[in-house]
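Novice: attaching a predicted model along with its sequence, questions to come.
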Amino acid sequence: MTEQERLELEAATFRRLVQHLRSRPDVQNIDMMNLAGFCRNCLSKWLKAAADDNGVTLSADEAREEIYGMPYADWKRKYQKEASAEQQAAFAKGKNA
């Protein structure tokens with residue numbers, strides 16, 4: 001595999017992951033954090049960091065919108081639910097592990 005092919009496959013994989021997450025707003029970020037150790041917000045921060053590293057102008061809000069497919073405030077209003085006590089406890093346990 002050439003370097004260009006690898007980059008194209010990685011980019012396609014990333015786009016598919018983002019599209020999958022956009023199609024599953026029922027999956028809460030806290031659940032992703034508890035199970036996988038990252039969430040949509042992490043992806044947006046990584047996208048912003050990559051832009052910064054490559055001299056590309058991208059604000060934190062623009063990065064979030066790239067991941068969420070809409071302004072973050074809109075996504076939160078439409079889809080985000082209050083975390084249960086169990087979810088919060090699992091999150092706290094994971095942060096201390």
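Specialist: Thanks, I have the structure now.

Novice: check contacts around Asp26.
Specialist: Going by C-beta atoms under 8 Å, 6 or more residues apart in numbering, Asp26 touches Tyr79. Bear in mind the C-beta positions are built from the backbone N, C-alpha and C, glycine included.

Novice: how much space between the residue nearest the centre of the chain and Pro25?
Specialist: Compute the mean C-alpha point of the chain, and by C-alpha atoms, centre = their mean the closest residue is Arg40, 1.8 Å away. According to C-beta to C-beta, to the nearest Å, Arg40 stands 10 Å off from Pro25.

Novice: same check, this time on Arg15
Specialist: The spacing between Arg15 and Pro25, counted by C-beta to C-beta, is 18 Å.

Novice: kindly report the same for Ala90.
Specialist: Using C-beta to C-beta, Ala90 is found at 20 Å from Pro25.

Novice: Trp75 too?
Specialist: For Trp75, the distance to Pro25 - C-beta to C-beta - is 7 Å.

Novice: neighbour count: these two, which is higher?
Specialist: Trp75 (19 against 15; other C-beta atoms under 10 Å).

Novice: in contact with that one, which residues?
Specialist: Counted by C-beta under 8 Å, 6+ apart, Trp75 has contacts Pro25, Tyr68, Gly69.

Novice: give the next helix or strand downstream of the longest helix seen in the chain.
Specialist: Using DSSP state H to assign secondary structure, the helix with the most residues in the chain is helix 3-22. As assigned by DSSP states H and E, the chain's next helix or strand after helix 3-22 is helix 29-36.

Novice: now the helix or strand just after that next one: buried residues?
Specialist: Later in the chain than helix 29-36, the nearest helix or strand by DSSP H and E is helix 40-53. Within helix 40-53, the residues scored as buried using 16 or more other C-beta atoms under 10 Å are Arg40, Asn41, Leu43, Ser44, Lys45, Leu47, Lys48, Ala51.
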